[in-house]
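Chemist: Build me a model from this:
(chains A and B)
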There are 2 protein chains.
Amino acid sequence: MEDYYPPDFREIDWVIENIRDIADLYCYEEYETPPIEPIEIFAAKSSDELVNEQSFIVEKKEGERLILIPELTPSLARMVARKSQELKKPLRWFSVPTCFRYERPQKGRRRIFKQINFDILGEDNLYADLEIFNIIVDIFSLFGATSKQYQIYYNSREFMDALSNLILKIPKEKIPLVYKVLDKSDKLEDHEFEKYVYDSFENEFVVQGILKLKSVNSIKDLMKKFDSIPDKFYNSDGYKNLVNFEKLLSDANLSEYCTFSSSVVRGLDYYTGIVYEVYDTGKENIRSIFGGGRYDDLLSIFTDDLIPATGFGLGVLMLTLFLKTYDLIPEEIREKDYTDTIYIASINQDVSIYALKLANLVRREDFPCLVDYRFSNLKNQLSRANELGVLITLIIGPNEMEQNEVTIKNMKTEKQKVIKIEDLIEEIYNIIDEYED
Amino acid sequence: MEDYYPPDFREIDWVIENIRDIADLYCYEEYETPPIEPIEIFAAKSSDELVNEQSFIVEKKEGERLILIPELTPSLARMVARKSQELKKPLRWFSVPTCFRYERPQKGRRRIFKQINFDILGEDNLYADLEIFNIIVDIFSLFGATSKQYQIYYNSREFMDALSNLILKIPKEKIPLVYKVLDKSDKLEDHEFEKYVYDSFENEFVVQGILKLKSVNSIKDLMKKFDSIPDKFYNSDGYKNLVNFEKLLSDANLSEYCTFSSSVVRGLDYYTGIVYEVYDTGKENIRSIFGGGRYDDLLSIFTDDLIPATGFGLGVLMLTLFLKTYDLIPEEIREKDYTDTIYIASINQDVSIYALKLANLVRREDFPCLVDYRFSNLKNQLSRANELGVLITLIIGPNEMEQNEVTIKNMKTEKQKVIKIEDLIEEIYNIIDEYED
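Modeler: Numbering: from 1, shown residues only, chains lettered A, B, ... in the order given. Here you go, the predicted model:
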């Protein structure tokens, strides 16, 4: 759990607002779901581990069993399904939920975290997946990250289904176990992985087949590892769509940022098509930043309408850590900029109401304004203004009030003069313009 | 619990962003606290009813007892206290937390709700309370609400302490009971209130005194109700500060929006000074929209430093309902504006990559862009563009691709022409400028 003090808030807000700009450019509309949901919508299709071990559960009241959402996709599916008739597809939707996982805090992972979600719903075309990849690349490019610093490792569940079923002869009901095993493969040494596969599958042919699936980075190389591949496999949608997608990435000049990986399958149960995991590829630092994929069947829990969907959830803290690794977050983002702020210092309390009137006057012209309520000790007031980095201070005393005037001071040049109130706004603009030149 | 579909999100976002502008004008810095906290920080000084009856409690894990925050102030106090040495006072802080209350949903109240919080910490001056009042009035004025539609009913805990103790001779430890009783007075008929007071206090003199405190709207009128008022009362800070505050409101031209009310005391335990409750004053609709006040002692739970504070938490839904009552939220806020969005329609799939390149081109110039992935049936694509209210559609086919050209169509005038790609951006500006004139 973490507090965001104002400098921390400005930093995370800067990251989120930059990404929100991209959502706008791609016409993704923002929505929001409640942070608490009935546990059933996660139990159905998310992941056992997530729901039973890593979630916060709310104490039962009136028979409701509620969960603090560990991820957004099931809520999104519920929400779209509820109005599936009236919502015009395709939907391009965007959200910045707070999610909750009960796990030991570690680098980049907190129990409470903000996530950025982009999803297209009602579009089964591979171009929708391509658009999502384009968005991911645009997000990283916006912050100045290069393809040397990150890669989108992608695969396809549909492809892996076909491979498991048609080449490895694994029965359909056992395929989820293939994903469970592969999803752990990157975290295991070769010999640990081998043991894990042997423990999970009995058939030696299957075991040998699955061992070949660890970290192969080209579809062709992967195919070469298998002796007899039936035509039925090459004619499957799984194979054809993945090869098509690879070509689309190349045509759209995205290959530089993307690498096939046979071991990327994602841990959640509901994925059905293209899946991916975005990695920091820096040598000291190899780790997954976030992932996503296509989940064409998830909405069928909630509606009879067929609503294919694809998207990702990006942890803001993980992205922020990545950006900091490569020095891509400007330090000054954390500081509040007081350049446009007008500071009002008063010589004594008798002029307080005049001070407030001036404050309202400058705020009406859209200048932020701070009034110092100490109403005495001008030196202290000016030094506070300097500390904040204010450019313009208004100093007022009884004379100014009597004459409808104000002393305006440029804190950088230390020049000051007395002006009429009606000239105040123009003079403020003059000082700011002069400073910015 | 409530989903915000995109139109609902735009509406609430419009309300919040407008208020965020005011936070900027007053230099309130945004922060954020976690939505879960240890229950102890609320149990100490908030309200028994709130913590024990109206809160969501998270199932115990590893001995932690956690609560979904029912309000923000204790978290803010904890957070400021933690860095009380390094944070330069006064702090002007702003936050938009999601809060949680387990109660029967009713008009304007949901179990999960967004709140807007403004607080000044480290400033004991009445001018800080005045600034908060100024902010409240600015918020309502920004949306176009008038003093006929709402009033800030204010009182002072310090004043009520003095009155209870020095005039009604109520011992200090019984004063919280006075607040508990008075806080309910507006919800009760006169005879119910009378019964409640008799049930709560035994002494007839005290009972008669408290009965006089219901809904008196001037300090003078209130004083007239008591026969013998000791000088000690008139010399108390409670009396003097409230009278001063009334004068400040008048000097700052805020009297129009503010009314004293002897029965406004607020339900939470931690208030110490000026308190207020903002009401919708429309005849059909009298109800409290939100409230706030000064809480000078709350931070002492967490730190030995003396940090006086004052502020409010405004429920966004309640405010939105108020604004809708007076028709102050423009309907069009709920609609996404596609005027600047470039829609790309393709005659067939062979031009798909060209379509994507054009999309990236216009997005680089900061125009939102939507690509229709149906790649056929131009009529359907154009009719979708019209449905959205798009102004400009780019139509591309094999000829356009071959010649590095594009057909640009003004959807309002229905005029279209073929142009070179290098002229595209200029032409987009031309059509938008023409439309806006």
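
Chemist: so where's the stretch 1-150 of chain A uncertain?
Modeler: A:1, A:44-48, A:50, A:105, A:108 (pLDDT under 70).

Chemist: how about a cut-off of 80?
Modeler: Scanning the stretch 1-150 of chain A for pLDDT under 80 picks out A:1, A:43-55, A:59-64, A:103-109.

Chemist: got the residue ranges for the helices in it?
Modeler: A:6-25, A:40-43, A:48, A:73-82, A:126-142 (DSSP state H, counting those that start in this stretch).

Chemist: Give me the contacts around the longest one.
Modeler: Put plainly, it is helix A:6-25. A:4, A:30, A:94, A:96, A:114, A:116, A:118, A:135, A:138-139, A:142-143, A:314, A:316-317, A:319-320, A:323, A:329, A:333-336, B:29-32, B:93, B:363, B:366-369 (CB atoms under 8 Å, 6 or more residues apart in numbering or on different chains). All C-beta spots, glycine's among them, are computed from the backbone N, C-alpha and C.

Chemist: Now, the residues you listed that are in strands?
Modeler: Among the contacts of helix A:6-25, the ones falling in strands (DSSP state E) are A:30, A:94, A:114, A:116, A:118, A:314, B:29-30, B:93, B:369.

Chemist: Pick the one among the residues you listed closest to residue B:425.
Modeler: Using CB to CB, residue B:369 is the member of the ones in strands among the contacts of helix A:6-25 that sits closest to residue B:425, with 12.0 Å.

Chemist: and the closest one, how far is that from residue B:420?
Modeler: As judged by CB to CB, to the nearest Å, residue B:369 and residue B:420 stand 19 Å apart.

Chemist: check contacts around residue A:107.
Modeler: residue A:321.

Chemist: The one 5 residues further on too?
Modeler: Listed by CB under 8 Å, 6+ apart, the contact partners of residue A:112 are A:1-2, A:98-100, B:34-36.

Chemist: which parts of the stretch 101-250 of chain A sit against chain B?
Modeler: Applying CB under 8 Å from any CB of the partner chain, one finds that the stretch 101-250 of chain A approaches chain B through A:102, A:112, A:123, A:125, A:127-128, A:130-131, A:134, A:138, A:248.

Chemist: May I see those residues organised as a markdown table, with distance to residue B:287 added?
Modeler: Formatted as a markdown table, these follow (distance: CB to CB, whole Å):
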| residue | distance to residue B:287 |
| --- | --- |
| A:102 | 39 |
| A:112 | 33 |
| A:123 | 45 |
| A:125 | 50 |
| A:127 | 51 |
| A:128 | 47 |
| A:130 | 52 |
| A:131 | 47 |
| A:134 | 49 |
| A:138 | 47 |
| A:248 | 57 |
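
Chemist: Would you pull up how far stretch A:198-212 lies from the middle of the chain?
Modeler: 37 Å (CA atoms, centre = their mean, to the nearest Å).

Chemist: one step back: by neighbour count, which of the contacts of residue A:112 wins?
Modeler: Neighbour counts for these, by other CB atoms under 10 Å in any protein chain shown, peak at residue A:100, which reaches 24 neighbours.

Chemist: quick revisit: of the residues of the stretch 101-250 of chain A next to chain B, just the buried ones, ChimeraX syntax please.
Modeler: Buried residues within those, by 16 or more other CB atoms under 10 Å in any protein chain shown, are selected in ChimeraX with:
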select /A:102,112,123,125,127,128,130,131,134,138,248
